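Trainee: Predicted model and sequence follow; I will ask about them next.
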Amino acid sequence: MAWLLVVVAGILETGFAVCLKLSHGFTRLWPTVAFCAFALGSFGLLTLSLKKLDVGPAYAVWTGIGAAGTAIYGMVFLNDLVSVLKVVSITLVVIGVVGLQLSGSGH
């Protein structure tokens with residue numbers, strides 16, 4: 001269950017990163033409000049998961065999901081540059097996240 005919280009927190013991290021861009025420096029109300037909601041949800045779930053998990057692997061999985069999700073969202077929806085190197089790098093991040101999740105860091 002703790003790993004599920006980390007995964008959902010990582011997905012919410014993608015949401016807050018995208019909303020941060022869409023807020024244009026906190027000058028647009030609704031993306032700013034969404035950023036705050038996603039950030040609070042993400043940090044809240046990460047905090048709950050850390051009651052059961054070691055901080056290193058949990059934090060790495062959280063940031064990996066957020067980084068990969070944000071990069072993919074940017075390429076698909078925000079016209080960010082798509083390159084073979086970027087796709088390979090995202091794949092390596094995902095492989096690392098899976099490896100850390102399988103490392104059995106629960107108490």
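Mentor: Received, thanks. Keep in mind that what you see is a predicted model, and the values were worked out from it rather than measured.

Trainee: Model confidence for the residue nearest to residue 7 when sequence neighbours are not counted, exactly?
Mentor: Leaving aside its sequence neighbours, residue 7 sits nearest to residue 65 (C-beta to C-beta, 6 or more residues apart in numbering; 6.4 Å). All C-beta atoms are positioned from the backbone trio N, CA, C, and that covers glycine. In this model, residue 65 is scored at 94, pLDDT.

Trainee: Near residue 65, how many residues? Count them for me, please.
Mentor: Neighbour count of residue 65, defined by other C-beta atoms under 10 Å: 23.

Trainee: cool, residue 31 as well?
Mentor: Close neighbours of residue 31, defined as other C-beta under 10 Å, add up to 17.

Trainee: so what's it up against?
Mentor: Counting by C-beta atoms under 8 Å, 6 or more residues apart in numbering, residue 31 touches 19-20, 22-24.

Trainee: in this structure, which helix or strand is least confident?
Mentor: Within the chain, no helix or strand scores below helix 84-101, which has a mean of 91 by mean pLDDT, DSSP states H and E.

Trainee: other SSEs contacting that one?
Mentor: If you count contacts as 3 or more C-beta pairs under 8 Å, 6 or more residues apart in numbering; DSSP states H and E, helix 84-101 packs onto helix 55-77.

Trainee: unless I'm mixing things up, residue 42 is touching residue 12, no?
Mentor: Yes. Using C-beta atoms under 8 Å, residue 42 is in contact with residue 12, at 3.7 Å.

Trainee: Please name the nearest non-neighbouring residue to the most centrally placed residue in the chain.
Mentor: Geometric centre of the chain, nearest residue: residue 66, 1.7 Å, by C-alpha atoms, centre = their mean. With C-beta to C-beta, 6+ apart as the criterion, residue 66 has its nearest non-adjacent residue at 3.1 Å, and that residue is residue 13.

Trainee: Appreciated, that's everything.
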